[in-house]
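In: this is the structure alone, sequence omitted:
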C-alpha cells in the first residue's frame with residue numbers, strides 16, 4: 001500500500017545545505033573561500049546539493065570531502081544573532097570556553113536538561129583535577145528548533161574565546177547549526193544526533209551516538225529474528241531524525257525478510273493519535289516500530305491502551321527514559337521492547353561511577369542522553385590536554401586531536417572514526433512493572 005514517507009533529505013538537512021553564515025573568518029581557520037559581508041537584512045543562499053553529498057561520500061578522503069563541502073558554499077543566509085541574556089564569561093589563556101546549545105524549554109526540555117546536568121557534572125570534576133586548562137560552559141536554550149540553533153551558532157562563532165560547541169539534542173537543530181560552526185572552524189559534537197548525514201556537514205563534526213543506519217538495522221534484525229515478527233508497521237516523528245529512523249528500519253527489516261505493512265508520520269506537536277490507532281488496529285497490525293520521543297510516545301501509549309490495541313512494540317533508543325513511563329503510566333507501556341546504548345543499572349565500574357556521581361549531585365538517575373553528553377564532553381576534556389592554546393587559535397588543533405582521542409565513558413569506549421562517528425553495542429530492555437529490565441538473550 002502507499003507509504004507516507006518523506007525524503008530524509010528534508011527539514012534541517014536542506015537548511016544545513018543552504019545556510020552558510022556571513023562570519024568574519026578567524027585567522028587560523030582551515031577554510032580558504034572568499035566571501036562578502038552583508039548587512040543583517042541581506043540574504044544570500046548557498047546551495048550544496050544532495051548530489052554533492054552523495055558524490056563526496058563516494059570519495060576516499062573524508063577530511064577533504066568535508067573541506068569541499070564548506071568551500072562549495074557561496075554565501076549565507078543572514079541571521080540575527082542570539083541576544084546574550086547573561087555573562088558569557090571572560091575567557092583567558094587558561095580557560096577553555098565551550099558553547100552549549102540544547103532544548104532547555106519546550107517538549108524536549110527534560111532531555112536537554114539531562115545533557116546539561118551531565119556536562120556541568122563533568123566540568124566540576126574536570127576543573128578539580130590537574131589539567132592545563134579549566135573548562136567554562138556558555139549555555140544557550142535552542143528549544144530544539146533549527147532557526148534558534150543557527151542564531152546561537154552565529155553568536156558562538158563570533159566569540160573568539162569559544163574553542164568548541166556541544167549540541168544540539170535534535171538532529172534537526174544540530175544539522176542546521178553545523179555549517180556555521182564549520183565555517184568558523186569550531187569543532188561541534190552533538191551527543192545525540194543520529195541522522196546519518198550530520199557528520200558530513202563539516203570537517204570537525206562529531207556525534208556521541210551511533211547513526212540511524214546502524215541503530216535501526218540492529219533493531220530491525222532483533223524484531224524479525226529474536227521477537228519473531230514477520231510484519232511490522234512504522235510510526236515515526238516527522239522530522240529529520242524520525243524520517244531517517246523510519247527509512248533505515250524499513251531497509252533493515254526488508255533486508256532480513258520482513259514486510260512493512262504500514263508507515264505513518266506524526267507531527268512533533270501531535271497529541272491526538274486516535275485515528276492512527278484505529279487505522280492500525282483495524283488492519284490487524286501485530287507489531288509496530290516507534291521512532292518517537294517520549295512526549296509523543298507517552299500520549300500514543302495511553303491512546304493505544306484506551307483502544308485495547310496491544311501489539312508488539314519495539315522502539316528506537318530515544319525511548320530509554322523514565323519520562324516515558326512517568327508520562328504514559330506503567331500499564332500503558334508494559335512489555336515494550338526498548339534498545340539502549342547505556343543502561344543505568346549496569347554493574348560496569350565506569351557506568352556505576354557516573355550514575356552514582358550524577359545521582360548524588362542531581363537527585364535523579366541519568367538517562368542515555370545524559371550519558372552521551374557526559375562522554376561527549378569527556379572527549380573534549382581529554383583532547384584539550386593535547387592543545388597548545390584555547391579560543392579560536394586552538395580550534396583546529398582541538399578538532400584534529402579529537403580524532404586521536406579515546407575515553408572509557410558511561411556508554412563504553414568512545415572513539416571517533418575518520419568521519420566523526422562512533423560505534424556502540426545495544427543492550428535490549430523490556431519494560432516490566434514500571435522498570436527497564438535487561439533481556440537475557
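Out: Looks like it came in fine. Remember, it's a predicted structure, so these values are computed and weren't measured experimentally. Numbers count the residues shown, from 1 in each chain.

In: please count neighbours and contacts with C-alpha atoms only from this point.
Out: OK.

In: stretch 350-361: which residues count as buried?
Out: Residues of stretch 350-361 classed as buried by neighbour count (16 or more other Cα atoms under 10 Å): 351-352, 354-355, 357-358.

In: what about the strands in this protein?
Out: With strands called from DSSP state E, the chain shows them at 95-102, 134-141, 162-167, 188-190, 205-207, 231-237, 259-266, 287-291, 312-315, 337-340, 406-409, 412-415, 427-432, 435-438.

In: okay, these in CSV with mean neighbour count, distance to residue 125 and mean pLDDT next?
Out: Formatted as CSV, the strands of the chain follow (neighbours: other Cα atoms under 10 Å; distance: least, Cα to Cα, whole Å; pLDDT from 0 to 100):
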stretch, mean neighbour count, distance to residue 125, mean pLDDT
strand 95-102, 25, 15, 98
strand 134-141, 20, 10, 98
strand 162-167, 29, 18, 98
strand 188-190, 29, 20, 98
strand 205-207, 27, 22, 97
strand 231-237, 23, 37, 97
strand 259-266, 19, 41, 96
strand 287-291, 25, 35, 97
strand 312-315, 21, 34, 98
strand 337-340, 26, 26, 96
strand 406-409, 16, 14, 95
strand 412-415, 19, 19, 94
strand 427-432, 18, 28, 96
strand 435-438, 18, 29, 94
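
In: dump the ones you listed to CSV, plus distance to residue 328.
Out: Formatted as CSV, the strands of the chain follow (distance: least, Cα to Cα, whole Å):
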stretch, distance to residue 328
strand 95-102, 24
strand 134-141, 26
strand 162-167, 28
strand 188-190, 28
strand 205-207, 30
strand 231-237, 17
strand 259-266, 18
strand 287-291, 14
strand 312-315, 14
strand 337-340, 15
strand 406-409, 31
strand 412-415, 30
strand 427-432, 12
strand 435-438, 13
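
In: do you know which of those strands lies nearest residue 396?
Out: strand 162-167 (8.9 Å; Cα to Cα).

In: how about low-confidence regions in this structure?
Out: By pLDDT under 70, the weakly predicted segments of the chain are 1-92, 441.

In: my guess is residue 103 contacts residue 115. True?
Out: No: using Cα atoms under 8 Å, residue 103 is not in contact with residue 115, being 9.6 Å away.

In: tell me which of the two has more neighbours.
Out: Relative neighbour count places residue 115 above the other of residue 103 and residue 115, with 32 against 27, counting by other Cα atoms under 10 Å.

In: this structure: helices as residue ranges?
Out: Counting by DSSP state H, the chain has helices at residues 11-18, 50-57, 62-72, 109-128, 146-157, 171-184, 212-221, 240-255, 274-282, 294-306, 322-328, 349-362, 368-384, 395-402.

In: contacts made by the shortest one with the rest, please.
Out: The one in question is helix 322-328. 294-295, 297-299, 301-302, 333, 367, 434 (Cα atoms under 8 Å, 6 or more residues apart in numbering).

In: flag every buried residue along it.
Out: Across helix 322-328, burial judged by 16+ other Cα under 10 Å covers 322-325, 327-328.

In: list the contacts for residue 171?
Out: Residue 171 touches 12, 192-195, 198, 240-241, counting by Cα under 8 Å, 6+ apart.

In: most tightly packed of the helices of the chain?
Out: Greatest average neighbour count among the helices of the chain goes to helix 171-184 (a mean of 30), per mean count of other Cα atoms under 10 Å.

In: if we can go back for a sec, and which of the buried residues of helix 322-328 is nearest residue 404?
Out: Distances from residue 404 to the buried residues of helix 322-328, taken by Cα to Cα, are shortest for residue 322, at 34.6 Å.

In: before we move on, back to that, reformat the contacts of helix 322-328 as a markdown table; add distance to residue 389.
Out: Compiled in a markdown table, the contacts of helix 322-328 are given as follows (distance: Cα to Cα, whole Å):
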| residue | distance to residue 389 |
| --- | --- |
| 294 | 41 |
| 295 | 42 |
| 297 | 45 |
| 298 | 46 |
| 299 | 49 |
| 301 | 51 |
| 302 | 53 |
| 333 | 50 |
| 367 | 34 |
| 434 | 49 |
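
In: need the max-distance pair from these.
Out: 302 and 367 (22.2 Å).

In: quick one: the residue sitting furthest away from the middle of the chain from residue 274, how far?
Out: Here the centre of the chain is the reference, and by Cα atoms, centre = their mean the most remote residue is residue 282, at 34.9 Å. Distance, residue 282 to residue 274, by Cα to Cα, to the nearest Å: 12 Å.

In: repeat that for residue 256.
Out: 31 Å.

In: can you check residue 247 too?
Out: 24 Å.

In: kindly report the same for residue 120.
Out: From residue 120 to residue 274 the distance is 41 Å (Cα to Cα).

In: contacts only, for residue 431.
Out: 333-338, 437.

In: give the closest residue to residue 292 in space, chain neighbours not counted.
Out: Nearest residue to residue 292 in three dimensions, chain neighbours excluded: residue 237, at 5.2 Å (Cα to Cα, 6 or more residues apart in numbering).

In: residue 253 too?
Out: In space, residue 253 is closest to residue 220, 4.7 Å off (Cα to Cα, 6+ apart).

In: which residues touch the one you found?
Out: 249-250, 252-253, 256.

In: of the residues you listed, closest to residue 125?
Out: Nearest member of the contacts of residue 220 to residue 125, counting by Cα to Cα, is residue 249, at 39.0 Å.

In: can I assume that closest one is in contact with residue 221?
Out: No: between residue 249 and residue 221 there is no contact under Cα under 8 Å: 9.1 Å.

In: residues touching residue 109, list them.
Out: Applying Cα under 8 Å, 6+ apart, the residues near residue 109 are 103, 143.

In: ok, now with 7 Å
Out: residue 103 (Cα atoms under 7 Å, 6 or more residues apart in numbering).

In: could you measure it against residue 115, distance?
Out: Counting by Cα to Cα, the gap from residue 109 to residue 115 is 10 Å.

In: next: residue 398.
Out: Using Cα to Cα, which is the criterion applied here, residue 398 is 22 Å from residue 115.
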